[in-house]
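>>> Whatever this is, show me its structure:
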Amino acid sequence: MRRETVLKILEPCMLVLVPAVLMICAWTGAESTALLTLLAVCAALVPFFLRFETERPKPREMMPVVVLSAVAAAGRILFAAVPNVKPVTAIVILCGVCFGRQSGFLCGALAAFCSNLFFGQGPWTPWQMYAWGLTGFLAGVLEAAGVFRRFRWAVYGYGVLAALLFGVIMDSWYVVGFVTPLTWQGALAGYAAGVPSTLTHAGATLVFLLLLYAPWRRMLLRIRLKFGIR
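The predicted model follows:
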């Protein structure tokens with residue numbers, strides 16, 4: 001079996017590994033959960049970057065991911081003064097829809113990493129890379145399945161759900177990794193503290209998608225067709 005095929009199969013498996021490790025750590029009360037979950041999320045990122053490198057994409061195939069990642073990172077920095085109001089999720093969804101699930105994942109992961117050069121790197125960076133990468137990956141999967149073409153407003157609903165999922169992932173990392181001892185009361189308090197920011201993120205993502213999705217999708221699909229991008 002070719003290396004690219006193995007990595008392609010491994011990608012969704014590694015994405016599922018992260019919530020599995022979170023649940024196992026929470027259930028067993030394992031020690032060093034912050035380190036264990038961090039290792040799991042870092043491992044989940046590896047197949048995507050490794051396959052991208054293995055496939056040796058042409059410059060014209062790299063540019064959409066690079067440009068959209070840079071735009072998403074710049075947008076996050078531009079809106080730094082407004083907490084949780086960021087265009088990143090909307091742009092990552094657009095990348096996944098127009099260029100596929102792998103490009104969507106890479107766009108989300110790179111946007112998180114590059115923007116954190118401004119906001120500050122830390123143990124939260126791989127989690128943001130995973131959460132935004134997963135957003136782009138699932139957008140690509142849903143587009144390939146024809147969901148967004150059959151149901152016109154599905155992408156806007158997905159944008160809201162993706163922002164909520166981002167919040168759940170980040171809150172789960174905090175709760176499982178840093179709330180000790182882990183109790184139902186502590187977990188509920190941890191998740192409740194993140195509700196306002198998650199809802200703001202979801203509302204902002206919906207607004208950005210309403211503004212950007214239709215015109216940007218037409219432009220990006222035209223670029224993909226013109227330059228023969230896979």
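
>>> pretty sure Val176 is touching Thr28, no?
No - between Val176 and Thr28 there is no contact, the gap being 10.9 Å when judged by Cβ atoms under 8 Å. Every residue, glycine included, has its C-beta placed from N, CA and C.

>>> Same drill for those two, tell me which one is more crowded.
Val176 (24 against 9; other Cβ atoms under 10 Å).

>>> Now do the same contact list for that one.
22, 25-26, 33, 37, 182 (Cβ atoms under 8 Å, 6 or more residues apart in numbering).

>>> Tabulate these in JSON lines, adding columns for pLDDT and neighbour count.
JSON lines is the format used below for the contacts of Val176 (pLDDT from 0 to 100; neighbours: other Cβ atoms under 10 Å):
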{"residue": "Leu22", "pLDDT": "91", "neighbour count": "21"}
{"residue": "Cys25", "pLDDT": "87", "neighbour count": "20"}
{"residue": "Ala26", "pLDDT": "85", "neighbour count": "18"}
{"residue": "Thr33", "pLDDT": "86", "neighbour count": "23"}
{"residue": "Thr37", "pLDDT": "89", "neighbour count": "25"}
{"residue": "Leu182", "pLDDT": "83", "neighbour count": "18"}
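
>>> What is the most widely separated pair among those residues?
With distances taken as Cβ to Cβ, the most widely separated pair in those is Thr37 and Leu182, at 12.4 Å.

>>> Tell me the pLDDT of the residue nearest to Val175 when sequence neighbours are not counted.
What sits nearest to Val175 in space, not counting adjacent residues and going by Cβ to Cβ, 6 or more residues apart in numbering, is Gly190, at 4.1 Å. The confidence metric pLDDT takes the value 90 at Gly190.

>>> Next one: Gly190 from Leu220, what distance?
Applying Cβ to Cβ, to the nearest Å, the value for Gly190 to Leu220 is 38 Å.

>>> ranges for the strands of this structure?
Per DSSP state E, the chain carries no strands over any range.
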